[in-house]
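J.: need a 3D model of the sequence below.
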Amino acid sequence: MQRHQTAGQPSAQDLHHQRQCAHILAPRQRSAFVRTSVEKIKASQRPLPSRQDSNGRPKLLQFPSVELSSLFPATIGAEDSEKASPSTGKLTRIARPSALERIQAAVKEGESRSTPQEAAHELTARLHRQLRAVEADVAELCQAARAAGPGPGSLMAQAVERQQEQGPAELDLSAAPLPPTEHVVDEGAAPEGTGYEILLQAFNWESHSQNWFQRVAEQADRFASLGFTCVWLPPFTESVSPQGYMPLDLYNLNSRYGSEEDLRRCVAKLQSCGLKVLGDCVLNHRCALRQDAHGVWTQFGGRLDWDARAIVSDDSTFRGRGGPASGDCFGAAPNIDHAQPFVKRDLCEWMSWLRDHVGFDGWRLDFVRGFHGSHVRDYVRATEPSFVVGEYWDSLSYNGGLPDHNQDAHRQRIVNWLNDARGNATAFDVTTKGILHAVFERSEFWRLRDAAGKPPGLMGWWPSRAVTFLENHDTGSTQGHWRFPSSGLEQGYVYLMTHPGTPSVFYDHLEEPQLAHTMQRLIALRLRAGIHCRSQVHIVRAESDIYLASIDDTLLMKIGPKPYQPEAPWAPAESGQSWGTWLRYKAGM
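T.: Residues are numbered from 1 along each chain as shown. A predicted model of the protein is given here:
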């Protein structure tokens, strides 16, 4: 979508809201007393603190010695549990085994694995997920009990806190978010769909002027041979604008990029080459086909013939009669109220139809700043996509025309949206893009390390949910709203392809033969080194003229004009002007 977001100061924001979690194993069952308290207080939407060590790996949690049955005598073996939503405070009843039973089941399943290594890895991963969920529940329970005032619940919370103070647990209250327990990528899992994705945006701003779906289908074999795993297609519905970002009838799939049949053939061809296909869905707004009796464009027509009730009440231009907006309004078209039950139902059915009728594997979601992340969670759960990425785009913080070194407030806003979506989506790492601009425009490679010694973008806080990129249809192409420095493109892609997160490549860069060749080498290197969205980064140097980092202690990379040559056990891999990579070799090789 056309917009310009590179200037301006965002308002000051409290960067790191933290709440303590008692590191003890506790049941998920709430007593009636605590359930009432949870309903009263409504847990905040702030992200939980990180449970990572200095290398960014999940901590092995230490638990103080405590007799759980003395605190929760009636709940240890409970089959039914209730989970409070941090965003709404509402309780959902879930039938599930107790935490202890789930861990015992994990142990039993792990013992049946074919090799000890597989069993150990699977067990460790599952235990981490279970324990993260349990400790979050304990924190909510204690918070609710304290809020309720004197009584058995507050005494219980005090007992938990005393045990926490006496026990060996060491709390990490850093600002980085705790990844959710849902859809967590397993570091040792198989490559397909588990964090090894490499995304291609297969269009630019002018692609609508050609029979684009046919052209993409003709290049499917090439895309697969280059090493891409996912292809992002442009908006595919009838639209007021030729680019597709002002949708009309959502069920009319004849667009400027081609007919509905062209679209279906394109998706089928890409999938036949082993590629996943993401559809670009515009959910925030929709253009109406007709005016109402007052001359306002509120009659949508088509199969989803909504009226002003589908438009948020904050949208003064289109005089909506829905509820208040849950995000920022987009001024050029009616902003849709996703809290309306009929809207939610219709969009879930439409996206499910796209999945079944067209064959889309996942979604790129446009302008997600316009509606609350909880709605994204609902759409994702209804359609079960293999991959989802949201465009949460706003300005970095600037001082005197230069970007600040500390962009924590910017990436925190993206993290907040991801938390609202309950980890069911990824987001474009706009923070990293903005920082890389300054790095290559001013040769300030020191910007690539934050105060904690980690990458300074979303990648440094929540890498499995970061989709990294240098350019897209808005920033580059003929729009050029925030064009990446051309002299830094090659080194920029070296950074993306050797670091965690999910790298995304812009179509126009494949049209430059030398850059396309470098891309192919870098993708092959990423696969050879086994780098994935959760790989661990150790930054060795970040100075004015050099950035040096090792990834998973397997690959060493360097960008910047300053020469560098490592000693054993590093062997040269790929290199180019002002950049180099090395792979660790084993003795005897």
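
J.: which residues in the stretch 301-450 of the chain form helices?
T.: 341-353, 373-383, 408-420, 430-442 (DSSP state H, counting those that start in this stretch).

J.: what is the second one packed up against?
T.: Spelled out, that is helix 373-383. helix 341-353, strand 362-365, strand 387-390, helix 408-420 (3 or more C-beta pairs under 8 Å, 6 or more residues apart in numbering; DSSP states H and E). C-beta here means a position set from N, CA and C on the backbone, and glycine is covered the same way.

J.: want to try TSV for the helices of the stretch 301-450 of the chain, with mean neighbour count as columns?
T.: Output for the helices of the stretch 301-450 of the chain, formatted as TSV (neighbours: other C-beta atoms under 10 Å):
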stretch	mean neighbour count
helix 341-353	16
helix 373-383	20
helix 408-420	23
helix 430-442	22
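
J.: okay, the ones you listed in CSV with distance to P463 and mean pLDDT next?
T.: Below are these laid out as CSV (distance: least, C-beta to C-beta, whole Å; pLDDT from 0 to 100):
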stretch, distance to P463, mean pLDDT
helix 341-353, 27, 99
helix 373-383, 19, 97
helix 408-420, 12, 97
helix 430-442, 10, 97
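
J.: let's have the ones you listed in JSON lines, adding distance to G576.
T.: JSON lines is the format used below for these (distance: least, C-beta to C-beta, whole Å):
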{"stretch": "helix 341-353", "distance to G576": "42"}
{"stretch": "helix 373-383", "distance to G576": "38"}
{"stretch": "helix 408-420", "distance to G576": "29"}
{"stretch": "helix 430-442", "distance to G576": "14"}
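
J.: L263 is nearest to which of the ones you listed?
T.: With C-beta to C-beta as the criterion, L263 lies closest to helix 341-353 of those, at 13.2 Å.

J.: may I have the closest one as PDB, with CA atoms only?
T.: What follows is helix 341-353, C-alpha atoms only, in PDB (Å, rounded to 0.1, in the frame of the first residue of the first chain):
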ATOM      1  CA  PRO A 341     -19.700 -10.700  14.500                       C
ATOM      2  CA  PHE A 342     -21.000 -10.800  10.900                       C
ATOM      3  CA  VAL A 343     -17.800  -9.200   9.700                       C
ATOM      4  CA  LYS A 344     -15.600 -11.700  11.500                       C
ATOM      5  CA  ARG A 345     -17.800 -14.600  10.300                       C
ATOM      6  CA  ASP A 346     -17.700 -13.400   6.700                       C
ATOM      7  CA  LEU A 347     -14.000 -12.800   6.600                       C
ATOM      8  CA  CYS A 348     -13.200 -16.200   8.100                       C
ATOM      9  CA  GLU A 349     -15.400 -17.800   5.500                       C
ATOM     10  CA  TRP A 350     -13.800 -15.800   2.700                       C
ATOM     11  CA  MET A 351     -10.300 -16.700   3.700                       C
ATOM     12  CA  SER A 352     -11.200 -20.300   4.200                       C
ATOM     13  CA  TRP A 353     -12.700 -20.200   0.700                       C
END
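
J.: tell me where the stretch 101-250 of the chain is predicted with low confidence.
T.: 101-193 (pLDDT under 70).

J.: related to what we said a few turns ago, quick check: which of the helices and strands packed on helix 373-383 is nearest to R521?
T.: Checked against C-beta to C-beta, the stretch from these lying closest is strand 387-390, at 24.5 Å.

J.: which helices and strands does the closest one pack with?
T.: Against strand 387-390 (3+ C-beta pairs under 8 Å, 6+ apart) you get strand 276-281, strand 362-365, helix 373-383, strand 426-428.

J.: quick check: mean pLDDT across it?
T.: Across strand 387-390, the average pLDDT comes to 97.

J.: who does it pair up with?
T.: Paired neighbours of strand 387-390 in the sheet (DSSP bridges): strand 362-365 (parallel), strand 426-428 (parallel).

J.: want to throw those into CSV with mean pLDDT and distance to R584?
T.: Shown next, in CSV, are the strands paired with strand 387-390 (pLDDT from 0 to 100; distance: least, C-beta to C-beta, whole Å):
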stretch, mean pLDDT, distance to R584
strand 362-365, 98, 34
strand 426-428, 98, 29
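
J.: which residues are in contact with the spatially closest residue to R411 that is not a sequence neighbour?
T.: Residue nearest to R411 in three dimensions, not counting chain neighbours: T431, with 4.3 Å by C-beta to C-beta, 6 or more residues apart in numbering. Contacts for T431 (C-beta atoms under 8 Å, 6 or more residues apart in numbering) come out as L396, Q407, H410, R411, I414, P456, G457, L458.

J.: ok, now P234?
T.: With C-beta under 8 Å, 6+ apart, P234 has these contacts: A202, F203, S207, H208, W212, Q243, G244, S255, Y257, D280, H473.

J.: can I get the residues you listed in TSV with secondary structure and distance to A220?
T.: Formatted as TSV, the entries for the contacts of P234 read as follows, by DSSP: H, G, I helix; E, B strand; the rest coil; distance: C-beta to C-beta, whole Å:
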residue	secondary structure	distance to A220
A202	coil	9
F203	coil	14
S207	helix	16
H208	helix	20
W212	helix	13
Q243	coil	22
G244	coil	21
S255	strand	19
Y257	coil	15
D280	strand	18
H473	coil	20
